[in-house]
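**Student:** Kindly generate the corresponding structure for this input.
(chains A and B)
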Amino acid sequence: MKSKFLFFISSFLILITLQVESFAYSADPKQFIAEITSEAKEILNSSNSKKIKEEQLSEIALKTVDIKGLAYYTLGGKRKEISSEELKKYEKLFKGYFLKSFTSRLTDYSDPKIDVLSTEIVNEKYTIVKTLLLSTDKKPEVKINWRVYTKNPDKPLIRDLIVEGLSLARTQKEEFASILSANNNNINALFEKLEEFINQ
Amino acid sequence: MMLGRIKVLFSTITLIVLMSSSHTLAGEKYTANECFENFSRGTLKFNQALDKAIFKPIAKGYRALPVPIRMGTSNVVENLRSLLTLSNNLLQGDLKGVGNTTGRFLINSTVGILGVFDPATHIGFTKKGKEDFGQTLGVWGADTGCYFVLPILGPTTTRDAVGLVGNVFIDPVYQLTHNTETDVIISNDNLQEHNYYYYKGTDAVDFRSKNIESIDSLERNSIDFYASVKSLYLQNRAQKISNSMKSGKTQEDSDWEEVDNQ
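**Tutor:** Next up is the predicted model:
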């Protein structure tokens, strides 16, 4: 009886492990991006409602984007001036803002065709994966480079998208800096803007 | 007489911009101070309203045209625009660029039937970025100056505003269509002034039609649209001046260093 129980438990654990394994992304940055773009394309091409698509895309983002790192980066030096409670509140708001903005941008594309071209190892922490969003009848082709954080080589994470040479993380950082600067460096003004965006 | 005075005034302004240079090309900046932010924010709103009422609907109408017509129009405009790039290739001493732009123009104007088709790319004369006088001033070492938004024309900097005026003097298409002497000598109706404005207008509509969704998306997803436009404009100009598409260039690793160490 005991051996049957142990067999059942081990089979169950193996099954769970395999299941988890099937959701893991490749550790190779190029393959990692290829898998993400392919998964996103499948979601965008599906007949699901926009809401479901957004939820599925959010799941991908949560697993593959360094949202916390991006939150810190976009707040710049201000993160050292605010309290730990404020920082926690900011992290939470940024996550909501990022996911909404990220999925909204992606759902604009109904049938994206992306070629993963090559990689450029910047240093041990960063690899740039170069891709090309192919042109359509309406839009010209777009070069998109993915800045992949490889400090943990087993679990790469996306830190930035560089569209035609323009860094989205940098743009975001300057947007936040502008809001702070226009409001006497008051973090609550940024919180309000983020909340407004999330709730709209 | 009047044109002569304008040329002298323009040369003086260019000299002032160059003399106020305080950086090298390697140090091309991705930021710029505001000239008059409140005015610029107001102008951007005005431009957005104008775009919504006039330019965007025109761009949408243009997009309804069959793809071959749009592509041919885009190619013709790009071919004419390459003459301004050629002038700037020369001013920047970029001989490789001169060769490529000249080759592309000659092949596309002849084999490509006045630029409607782009056989040059298939032969190996690859498309390179457009050059303008603002970029040339940047290559010469002129400082970015401050940032502001012009009515209709959009975001710019002191250096790029001088560049806009400079473009007029070194653009062969402008000179051919505005020089009354060439009209008499060549006697070609295509060289009349209004055709220059048709060409510039078509260029603007073509650009807008290719960016309908991306501008919509930026407006929808920005919590400070003005700041986003400013950041993207300055990054784009800095990249064009350094002629670099290097992926990591717009973002120094040191920017992330502190995040990693926190």
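**Student:** Please enumerate the helices of chain A.
**Tutor:** A:2-23, A:29-45, A:50-64, A:67-75, A:84-106, A:168-182, A:187-199 (DSSP state H).
**Student:** I'd like to know which of those helices is closest to chain B.
**Tutor:** Closest to chain B of the helices of chain A, according to Cβ to the nearest Cβ: helix A:168-182, at 3.4 Å. From N, CA and C alone the C-beta is placed, and that goes for glycine too.
**Student:** chain center to that closest one, what's the gap?
**Tutor:** With Cα atoms, centre = their mean, to the nearest Å as the basis, helix A:168-182 stands 18 Å off its chain's centre.
**Student:** Same check on stretch B:149-159?
**Tutor:** 11 Å.
**Student:** do the same with stretch B:115-125
**Tutor:** 21 Å.
**Student:** And the contacts of that stretch?
**Tutor:** B:72, B:75-76, B:78-80, B:100, B:103-104, B:107-109, B:111-112, B:127 (Cβ atoms under 8 Å, 6 or more residues apart in numbering or on different chains).
**Student:** Emit the ChimeraX select command for whichever of the residues you listed are buried.
**Tutor:** Typed into ChimeraX, the line below selects the buried ones among those, using 16 or more other Cβ atoms under 10 Å in any protein chain shown:
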select /B:72,75,76,78,79,80,100,104,107,108,109,112
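**Student:** possible to save the helices of chain A as TSV with mean neighbour count, mean pLDDT and distance to residue B:38?
**Tutor:** Below are the helices of chain A laid out as TSV (neighbours: other Cβ atoms under 10 Å in any protein chain shown; pLDDT from 0 to 100; distance: least, Cβ to Cβ, whole Å):
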stretch	mean neighbour count	mean pLDDT	distance to residue B:38
helix A:2-23	9	53	50
helix A:29-45	18	93	41
helix A:50-64	16	93	36
helix A:67-75	21	95	25
helix A:84-106	17	94	26
helix A:168-182	21	95	10
helix A:187-199	16	96	17
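**Student:** how about those in JSON lines, adding distance to chain B?
**Tutor:** Shown next, in JSON lines, are the helices of chain A (distance: least, Cβ to the nearest Cβ, whole Å):
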{"stretch": "helix A:2-23", "distance to chain B": "26"}
{"stretch": "helix A:29-45", "distance to chain B": "12"}
{"stretch": "helix A:50-64", "distance to chain B": "13"}
{"stretch": "helix A:67-75", "distance to chain B": "4"}
{"stretch": "helix A:84-106", "distance to chain B": "5"}
{"stretch": "helix A:168-182", "distance to chain B": "3"}
{"stretch": "helix A:187-199", "distance to chain B": "4"}
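**Student:** Export those helices to TSV and append columns for distance to residue B:170.
**Tutor:** Formatted as TSV, these follow (distance: least, Cβ to Cβ, whole Å):
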stretch	distance to residue B:170
helix A:2-23	58
helix A:29-45	42
helix A:50-64	47
helix A:67-75	40
helix A:84-106	38
helix A:168-182	32
helix A:187-199	43
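**Student:** For the spatially most central residue of chain A, name its beta-bridge partners.
**Tutor:** Centroid-nearest residue in chain A, with Cα atoms, centre = their mean: residue A:65, separated by 3.2 Å. When bridges are called by DSSP bridges, residue A:65 pairs up with residue A:158.
**Student:** Confirm for me that it is in contact with residue A:160.
**Tutor:** No - between residue A:65 and residue A:160 there is no contact under Cβ atoms under 8 Å: 9.6 Å.
**Student:** List the residues that contact the residue nearest to the centre of chain A.
**Tutor:** A:98, A:102, A:157-159 are the contacts of residue A:65 under Cβ under 8 Å, 6+ apart.
**Student:** Let's see that with 10 Å instead.
**Tutor:** A:36, A:98-99, A:102, A:149, A:157-161 (Cβ atoms under 10 Å, 6 or more residues apart in numbering or on different chains).
**Student:** what's the spacing between residue A:141 and residue B:120?
**Tutor:** Plainly put, residue A:141 is 18 Å away from residue B:120 if you go by Cβ to Cβ, to the nearest Å.
**Student:** Tell me which of those two has more neighbours.
**Tutor:** More crowded of residue A:141 and residue B:120, by other Cβ atoms under 10 Å in any protein chain shown: residue B:120, with 24 against 13.
**Student:** quick one: that one is in a strand?
**Tutor:** No - going by DSSP: H, G, I helix; E, B strand; the rest coil, the assignment for residue B:120 is helix, not a strand.
**Student:** where does chain B dip in pLDDT?
**Tutor:** Scanning chain B for pLDDT under 70 picks out the ranges B:1-29, B:180-190, B:244-255, B:261-262.
**Student:** Geometric centre of it: which residue is closest?
**Tutor:** Nearest to chain B centroid, counting by Cα atoms, centre = their mean: residue B:132, 6.0 Å.
**Student:** these two touch, right, that residue and residue B:165?
**Tutor:** No - using Cβ atoms under 10 Å, residue B:132 is not in contact with residue B:165; the gap is 11.2 Å.
**Student:** quick one on the thing from earlier: mind checking the helices of chain A for the one nearest to residue B:208?
**Tutor:** Set against residue B:208 and scored by Cβ to Cβ, the helices of chain A come closest in helix A:84-106, at 19.5 Å.
**Student:** which helices and strands sit right next to that closest one?
**Tutor:** Other elements packing on helix A:84-106 under the criterion 3 or more Cβ pairs under 10 Å, 6 or more residues apart in numbering or on different chains; DSSP states H and E are helix A:29-45, helix A:50-64, helix A:67-75, helix A:168-182, helix A:187-199, helix B:212-221.
**Student:** any chance you could map the strands in the stretch 1-150 of chain B?
**Tutor:** B:147-150 (DSSP state E, counting those that start in this stretch).
**Student:** For residue B:226, which of the helices of chain A is the nearest?
**Tutor:** With Cβ to Cβ as the criterion, residue B:226 lies closest to helix A:168-182 of the helices of chain A, at 7.2 Å.
**Student:** Distance to residue B:67 for the helices and strands packed on helix A:84-106 - can I get that in CSV?
**Tutor:** Compiled in CSV, those are given as follows (distance: least, Cβ to Cβ, whole Å):
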stretch, distance to residue B:67
helix A:29-45, 22
helix A:50-64, 27
helix A:67-75, 38
helix A:168-182, 29
helix A:187-199, 36
helix B:212-221, 15
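**Student:** Looking at those, which is nearest to residue B:42?
**Tutor:** For the helices and strands packed on helix A:84-106, proximity to residue B:42 was assessed by Cβ to Cβ; helix A:168-182 is nearest, at 14.2 Å.
**Student:** Show me the longest helix that occurs in chain B.
**Tutor:** Longest helix in chain B by number of residues, with DSSP H as the criterion: helix B:67-91.
**Student:** tell me which residues of that helix are tucked away?
**Tutor:** Here helix B:67-91 shows B:70-91 as buried, counting by 16+ other Cβ under 10 Å.
**Student:** What is it packed up against?
**Tutor:** With contacts taken as 3+ Cβ pairs under 10 Å, 6+ apart, helix B:67-91 sits against helix B:56-63, helix B:95-110, helix B:133-139, helix B:158-170, helix B:172-178, helix B:193-210.
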